[in-house]
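Colleague: Please find the sequence and the predicted model below.
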Amino acid sequence: MSSIQPIPMKFRVPEVAFPKGWYCVADVHEVSADKLKPVSYLNQQLIVYRTQSGAAQVADAYCPHLGAHLASHDGCIADGAIVCPFHKWKWDGAQGHCTDIPYAGIPQSRSLKLTLYPTREVDGMVLMWYHPQGAAPDFEPYASTALQRDKWVLFDTRVWTSTSPYRDIFENLFDTAHIVQLHGASKMPVMRSMDSKPHGLFVDYQIDPDAEQFSIKNLEVHFTGVTALNQLFEGRGWATNFVISATPIDNESFLQTIRLYVKDLGSREINEQIGKPWLERFTFEVEQDFKVLNYKKHLTQPKLCGGDGPIYQYREYAQQYYV
């Protein structure tokens, strides 16, 4: 365990700012049509639920009337309407407008509205759109074609609360030197290209099968902005797909979640043989990273040298998401 005490973020980043993008606020299986799920992300209190049509939706947790938390006491969703626990005002879960004030006898009002956020369901995640100035989405999240095409099994999920500077969590993947120096890999990974895509970024890796614990023949990495990541590993007769999200809780910490999907090979035992070592290795390396990242400072002008990897190229890409 480190002897370093937690270091406030104001001493470690030039500014505390959440980038625009699609943030995971729940996993798909956690959200239902008969219950409001309260969550706390991006310095906000939110509720996640399903509308009457079955679509996942994220909304502000506070009633616009007098500020009651909609998931407190007996606040609920019934027949697609969110019922406030305080005065029993009803809000349409899909459109947000007020549908009933039981003691006022007024018709539905399109002007009285609950704040809703654009919401998507992608690769087992419920994603909400965040923009610091409230602008509408200007890109869509990446959806794995592999997960849509083949039969996969969600092998397991791991969750960490991190105090790393948010800018550094995915930048860390472009620091190729630490792959050898911290994680003990035999060779540095080589990125052949970094290509802009509508959803964000595609990274093409040069694969050296002899340099890996697992014999990999293909690696595809797709970023959704700077908030989520999809890593597809393919070998001879097997494949794994990591779906990774990073969502700020507040100015001091964020939640990182990895979901490991294994291409279904027909039996639980065989899937276990593939999934278990991948999960163990990934978990070990993430926890190694956090032992450093949770205390590091984000340097705006780091003193880089040859072999450090395309850190500045990633920063140039990432900057477009900071408004």
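Modeller: Thanks, I have the structure now.

Colleague: drop to CA atoms for contacts and neighbour counts, all remaining ones
Modeller: Noted.

Colleague: would you say Lys10 is within a strand?
Modeller: No. The assignment for Lys10 by DSSP: H, G, I helix; E, B strand; the rest coil gives helix, which leaves it out of any strand.

Colleague: what's around it, how many residues?
Modeller: Counted by other CA atoms under 10 Å, the residues lying close to Lys10 total 13.

Colleague: ok, now how distant is it from Tyr41?
Modeller: Here the criterion is CA to CA, to the nearest Å. By it, Lys10 lies 19 Å from Tyr41.

Colleague: Equivalent analysis for Phe11, please.
Modeller: According to CA to CA, Phe11 stands 22 Å off from Tyr41.

Colleague: Show me which of those two is the more surrounded one.
Modeller: A direct count of neighbours by other CA under 10 Å for Phe11 and Tyr41 places Tyr41 higher, at 18 against 11.

Colleague: which ones are touching that one?
Modeller: Residues near Tyr41 by CA atoms under 8 Å, 6 or more residues apart in numbering: 25, 247-250.

Colleague: What of Arg12?
Modeller: Taking CA under 8 Å, 6+ apart as the definition of contact, the neighbours of Arg12 are 165, 296-298.

Colleague: Residue ranges in the stretch 51-200 of the chain under the pLDDT threshold?
Modeller: Within the stretch 51-200 of the chain, the segments meeting pLDDT under 70 span 107-108.

Colleague: Going along the chain, name the strands of it.
Modeller: Using DSSP state E, counting those that start in this stretch, the strands of the stretch 51-200 of the chain run over residues 56-60, 76-78, 81-83, 90-92, 97-100, 109-113, 116-117, 119-122, 125-130, 152-162, 190-197, 200-206.

Colleague: quick one: which of the ones you listed is nearest Pro277?
Modeller: Proximity to Pro277 (CA to CA) singles out strand 152-162 among those, at 11.5 Å.

Colleague: circling back to that earlier point, now, which of the contacts of Tyr41 lie within strands?
Modeller: 25, 247-248 (DSSP state E).

Colleague: how does this protein divide up, domain by domain?
Modeller: Here the domain parsing of the chain from automatic domain parsing is 30-117, 145-321.

Colleague: Measure how far the longest one is from the centre of its chain, please.
Modeller: Computed by CA atoms, centre = their mean, to the nearest Å, the separation of domain 145-321 from the middle of its chain amounts to 13 Å.

Colleague: now the end-to-end length of it.
Modeller: Terminal residues of domain 145-321 lie 24 Å apart, using CA to CA.

Colleague: Kindly report the same for stretch 55-71.
Modeller: Start and end residues of stretch 55-71 are separated by 19 Å (CA to CA).
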